[in-house]
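In: Predicted model, plus sequence, below.
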Amino acid sequence: MNNPYRLLGLVLSLSGAVLAPVFYFIVDSVALTGTAISEVILGITCIAIANARPYISPEAARLLLRTGMENTSALIEELGLTSRAVYLPSSMRGGKAQALVPLTEEGSLARARNSLPGRLIVRYGAGTEDMAIAITTPGSVSLELLESRPGPAPGEIESALNYLLHGVLDIAGGCRVDIEDQRVMITINDCRMGYEDIWFYRCLGSPVASIAAAIVAEATGSPVKVAEERTEKQKSLIALEIVPKD
């Protein structure tokens, strides 16, 4: 009942339902009766708007996203990490998809084990340089919105991306996916969350690139890196690299 649209809708619907027969049978006014019926219709519309309104407002969601991004960016910047994040499928993180940011450029995710411990600081190989921090990204969380895991075919990845970016999140008009060898090229039309030259984006990619990388990693079952991201004529071009494993 704390939703103002629902309260307004109930008041309009009830008052209109009570006044309509009074105006028609007692006052004998067609104009007032029509006004009362219109009030009922407007009330039903307000109730429908209340039911369609998200449980968490867009402003609150934006606040949570900004808080998480700034905290993660501060952590990465404080550690001086410059390596690009590698997105892992959930099968490599005990059922929870995350991204690894290597602590040094010398580390190679090609030596990553099939199952990594669920900790913040992760050793993914036998070498002393094979250390990384594990981060939950917007892409990692977005996988929970998928009804089923997509397959590795370009069409299945494209369908999953369109479902999330256009159908659920409504932050893009549509996308196209092309795969050649170990490289995945994604073209996103009418993207409303573009790339910014900040530390967070340089390391993890934009939120849209993060979603794309997480889906491709889950679909292929292999680690994925955001190799390139740019904007051309209201289109976001994202190049993903599938990291081969030894």
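Out: Thanks, I have it. Residues are numbered from 1 along each chain as shown.
In: Domain boundaries for the protein, per the record?
Out: Listed by automatic domain parsing, the domain ranges of the chain are 4-52, 58-135, 138-242.
In: Can I get those domains in a markdown table including mean neighbour count?
Out: Bear in mind the C-beta positions are built from the backbone N, C-alpha and C, glycine included. What follows is those, written out as a markdown table (neighbours: other Cβ atoms under 10 Å):
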| stretch | mean neighbour count |
| --- | --- |
| domain 4-52 | 15 |
| domain 58-135 | 16 |
| domain 138-242 | 19 |
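In: for the protein, which spans come out with low pLDDT?
Out: 1-3, 51-59, 61-62, 106-115, 245-246 (pLDDT under 70).
In: Quick one: the helices in it, in order.
Out: 4-21, 30-52, 58-79, 138-142, 154-162, 199-204, 207-220 (DSSP state H).
In: Serialize those to JSON lines and add fields for distance to Lys235.
Out: Output for the helices of the chain, formatted as JSON lines (distance: least, Cβ to Cβ, whole Å):
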{"stretch": "helix 4-21", "distance to Lys235": "36"}
{"stretch": "helix 30-52", "distance to Lys235": "30"}
{"stretch": "helix 58-79", "distance to Lys235": "23"}
{"stretch": "helix 138-142", "distance to Lys235": "20"}
{"stretch": "helix 154-162", "distance to Lys235": "14"}
{"stretch": "helix 199-204", "distance to Lys235": "17"}
{"stretch": "helix 207-220", "distance to Lys235": "12"}
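In: Quick one: closest of these to Ile121.
Out: helix 58-79 (10.3 Å; Cβ to Cβ).
In: ok, and what's touching that closest one?
Out: Helix 58-79 has contacts (Cβ atoms under 8 Å, 6 or more residues apart in numbering) with Pro54, Val101, Leu103, Ile133, Ile135, Pro138, Ile198, Trp199, Phe200, Cys203, Leu204, Pro207.
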